[in-house]
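A.B. asks: pasted the sequence and its predicted model underneath.
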Amino acid sequence: MAEKENQNRWWILISIGLFAFMSNLDASIVNIAMPLMAKQLAVPMNQIEWVVSIYLIIVSALLLFFGKLGDLYGKIKIFRFGTIVFLLGSFLSGLQVNFSFLLVGRIVQGIGAAMTLSNTYGITTSTFDLKERGRAMGFIGTFVALGAVAGPGIGGLILAKLSWGYIFWVNLPIGIIAVLLGVAVLPKATPAASGKIDWAGFGSFALLIVSFFLAVFIGQEVGYFKPVPLVLYAVAIVMFWLFIRSEKRAPEPLIPLSLFKIKPFTYGIGAAVLIFLSNFFTVVIIPFYLEDARRLTASQAGLLLVIFPVVMVFAGPIGGFMADRFSQAKVATIGLLIVAIGQAGYIFMTLTSPMWVYVTVTIVMAIGSGLFQSPNSDIVMSVVPRDQLGSAGSLNALARNIGMISGTALSTSALFLAMSDRAGFRVTTYLPSQPQTFIFGMHVAFLISLIIIILAFALSLLQGRTVKAGQMQ
């Protein structure tokens, strides 16, 4: 079985990579379709945003739980179940019944995505040895980051010809191919480890994630200091305290806190959160810039938005290739420096900037992101004990999703607060009569995003100083 698995290792990577792509794609593809969905489902824009938020909240709340299940009952077994659940959720979400039914579909999708994403890196690390792991991580990292940023572009292209339900149904043919490939190449059985589930840790962590991000998104609608958000923040603080207390006492914790004593792991996880947080400033704000401020159609915007993922298709594997031959930390740090240079370019874009400026900035950012993703994931997954790959993989996936959901919340908050300050009244949407107000808010938001990238760069530098050859498994 081990010999067959070794022979099929790159096909295994393709099978799990396709689901890594789709799971992350569905975190962002809805953004460009929200105005159309809001109109057809007869719900206001502040409610349609829950189609994105509920998915990210569910994924983030369940990642650690399914990562632990992967350690206990087999990563591939949990992954297989997740693929079916995710495809079922995709089918339900695309039926276009009503708003409530769509949210149910997104919840099902989120459960399936959590099952697959939490075990993707663990399967990859256990399938490839150290000399090929960088390329393998580069492959997966490309699919992950590609999915996270490709959503608006692919969504725009779909909406140019088809109804919004197809942004979910596009998963079905790709997913079926991935499932059939998995049946052929994934090992038929994996040994289960002995142990127990830390139910107290799972419950407190899930409530922490749900209450905190509910507070953030409800706060955007009604005000951050209103009673409901304040109560939810209080619940989140209590749940955080209970979670840490539970993890310290549990014989088999949901998160082995000892992992955070491994400095390269901690710095890498922190940098991953920040890079995805910053990338989602682009995912959320640039569609406004292209469609509303520059008055492009959804299909025209889609063509421009797809530049980032196309470039990453090539940049990601290059990052993995370089990670196999040079210092992973140096490659990751160089990638972040390139991202910072690109990010700065967004601060200077105006209503009359030539489109080649946007294209150039986007290409630079895509190259930097591709160089960063795989070396960083390689380090994070290589410095942990082998029996904790499931937990480390789910933490790695959690870092991405926390970055995405935080980026969604922070980017919109920064954009609309800056626009409100400029306009002199509360703003919660694009103002067609005041395009310069949006440009001002966009510049402020991307300045904040640049600061976030600089912080990620600092963490990557610290990671490079702490990585030692003897720590790699």
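C.D. replies: Thanks, I have the structure now. Numbers count the residues shown, from 1 in each chain.
A.B. asks: which of the helices and strands in the chain ranks last by mean pLDDT?
C.D. replies: Lowest mean confidence among the helices and strands of the chain (mean pLDDT, DSSP states H and E): helix 2-7, at a mean of 54.
A.B. asks: which parts of the helix or strand just after that helix are buried?
C.D. replies: Per DSSP states H and E, the first helix or strand lying C-terminal to helix 2-7 is helix 9-25. Residues of helix 9-25 classed as buried under the neighbour-count rule (16 or more other CB atoms under 10 Å) are 9-10, 12-25. All C-beta spots, glycine's among them, are computed from the backbone N, C-alpha and C.
A.B. asks: just checking, what packs against helix 9-25?
C.D. replies: Counting contacts by 3 or more CB pairs under 8 Å, 6 or more residues apart in numbering; DSSP states H and E, helix 9-25 packs against helix 75-93, helix 99-127, helix 130-159, helix 171-185.
A.B. asks: what's the closest of these to Gln47?
C.D. replies: When those are compared by CB to CB, helix 99-127 sits nearest Gln47, at 7.3 Å.
A.B. asks: tell me what that closest one is packed against?
C.D. replies: helix 9-25, helix 34-41, helix 50-73, helix 75-93, helix 130-159, helix 355-382, helix 389-423.
A.B. asks: give me phi/psi at the residue lying farthest from the centre of the chain?
C.D. replies: Computed with CA atoms, centre = their mean, the residue of the chain farthest from its C-alpha average is Gly424, at 34.2 Å. When read as degrees, to the nearest 10, the backbone of Gly424 gives phi 90, psi 10.
A.B. asks: ok, the one 3 residues further on next?
C.D. replies: For Val427, the backbone dihedrals (degrees, to the nearest 10) come out as phi -120, psi 130.
A.B. asks: tell me the contacts of it?
C.D. replies: When contacts are counted by CB atoms under 8 Å, 6 or more residues apart in numbering, Val427 touches 416, 419-420, 437, 441.
A.B. asks: drop anything exposed from those.
C.D. replies: The neighbour count (16+ other CB under 10 Å) marks 416, 419, 437, 441 as buried among these.
A.B. asks: turn the helices and strands packed on helix 99-127 into JSON lines, including distance to Lys261.
C.D. replies: Below are the helices and strands packed on helix 99-127 laid out as JSON lines (distance: least, CB to CB, whole Å):
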{"stretch": "helix 9-25", "distance to Lys261": "28"}
{"stretch": "helix 34-41", "distance to Lys261": "42"}
{"stretch": "helix 50-73", "distance to Lys261": "18"}
{"stretch": "helix 75-93", "distance to Lys261": "24"}
{"stretch": "helix 130-159", "distance to Lys261": "22"}
{"stretch": "helix 355-382", "distance to Lys261": "14"}
{"stretch": "helix 389-423", "distance to Lys261": "13"}
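A.B. asks: and of the ones you listed, who's closest to Gln220?
C.D. replies: Between Gln220 and the helices and strands packed on helix 99-127, the shortest gap by CB to CB is with helix 389-423, which sits at 6.2 Å.
A.B. asks: report the buried residues of the closest one.
C.D. replies: 389-419, 422-423.
A.B. asks: tell me the gap between stretch 269-288 and the middle of its chain.
C.D. replies: 9 Å (CA atoms, centre = their mean, to the nearest Å).
A.B. asks: now it: buried residues?
C.D. replies: Buried positions in stretch 269-288, judged by neighbour count with 16+ other CB under 10 Å: 269-288.
A.B. asks: so who does the closest residue in space to Leu146 that isn't next to it in sequence touch?
C.D. replies: Ranked by CB to CB, 6 or more residues apart in numbering and with sequence neighbours excluded, the top spatial neighbour of Leu146 is Pro309, at 4.7 Å. Contact analysis of Pro309 by CB under 8 Å, 6+ apart lists 146, 149-150, 153-154, 366.
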